[in-house]
Structures are given as C-alpha cells and as structure tokens.
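J.: take this sequence and fold it.
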Amino acid sequence: MERTSNGGMLYHEVQEANLCAVHCVNTVLQGPFFSEFDLAAVASDLDEKERQDIRPINVNSVILKP
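T.: Alright, predicted model coming up:
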C-alpha cells in the first residue's frame, strides 16, 4: 500500500485489489497500520470465538420434584 501526499493534511491510500476495509481503517487511523493479512487474522480470531460461543454446552440437568 502506498501513501499519497496531499500537502500533509490527510493520510490517504489509493484503492487497490478490493481492499476497501484495509484502506478505510488505515484512513481513519491516519497511517498504514494494518495490512490485508492483519485484518484477515482478526477476522479468523473472531470466527473462532463465534464458533466457541455457539457451540452447545453439555450440562447434566437435574429435575427437581416438588
């Protein structure tokens, strides 16, 4: 990703390879902080956490009779 200058006022990345999210995050942060690989790793971590959250929990249930 290359940095383009517009007089030093704002950071801007030229759009390439459909990496809109990468360019958006870096523009908001005003620097080349994340690559497509960084965001892919974040997405993978979130996917794994989501899989763990939706995995059924095996619990032995006890029915109490009055």
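J.: quick check: mean pLDDT of stretch 34-51?
T.: On average, the pLDDT along stretch 34-51 is 96.
J.: contacts for stretch 37-47 next, please.
T.: Residues from elsewhere that reach stretch 37-47 (CB atoms under 8 Å, 6 or more residues apart in numbering): A21, V22, V25. Glycine gets a C-beta too; all of them are placed from N, C-alpha and C.
J.: could you measure the second one against I54, distance?
T.: So the one you mean is V22. 28 Å (CB to CB, to the nearest Å).
J.: more neighbours: these two, which one.
T.: V22 (23 against 7; other CB atoms under 10 Å).
J.: so that one touches F33, yeah?
T.: No. The criterion here is CB atoms under 8 Å, and V22 misses it with F33 at 9.7 Å.
J.: one step back: now the contacts of stretch 37-47 in a markdown table, with pLDDT?
T.: Converted to a markdown table, the contacts of stretch 37-47 look like this (pLDDT from 0 to 100):
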| residue | pLDDT |
| --- | --- |
| A21 | 94 |
| V22 | 96 |
| V25 | 96 |
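J.: quick one, strands of the protein?
T.: Using DSSP state E, the strands of the chain run over 3-4, 12-13.
J.: mean pLDDT for these: which is lowest?
T.: strand 3-4 (a mean of 55).
J.: ok, longest helix in the protein?
T.: Longest helix in the chain, counting residues (DSSP state H): helix 36-54.
J.: run the chain-centre distance for it.
T.: Relative to the centre of its chain, helix 36-54 is centred 8 Å away, using CA atoms, centre = their mean, to the nearest Å.
J.: what count of nearby residues applies to Y11?
T.: 17.
J.: do E48 as well
T.: E48 has 10 nearby residues by other CB under 10 Å.
J.: C24 now?
T.: With other CB under 10 Å as criterion, C24 counts 12.
J.: R55 now?
T.: 8.
J.: from L29, how far off is it?
T.: Taking CB to CB, one finds R55 at 34 Å from L29.
J.: check D45 too.
T.: The gap separating D45 from L29 is 19 Å, by CB to CB.
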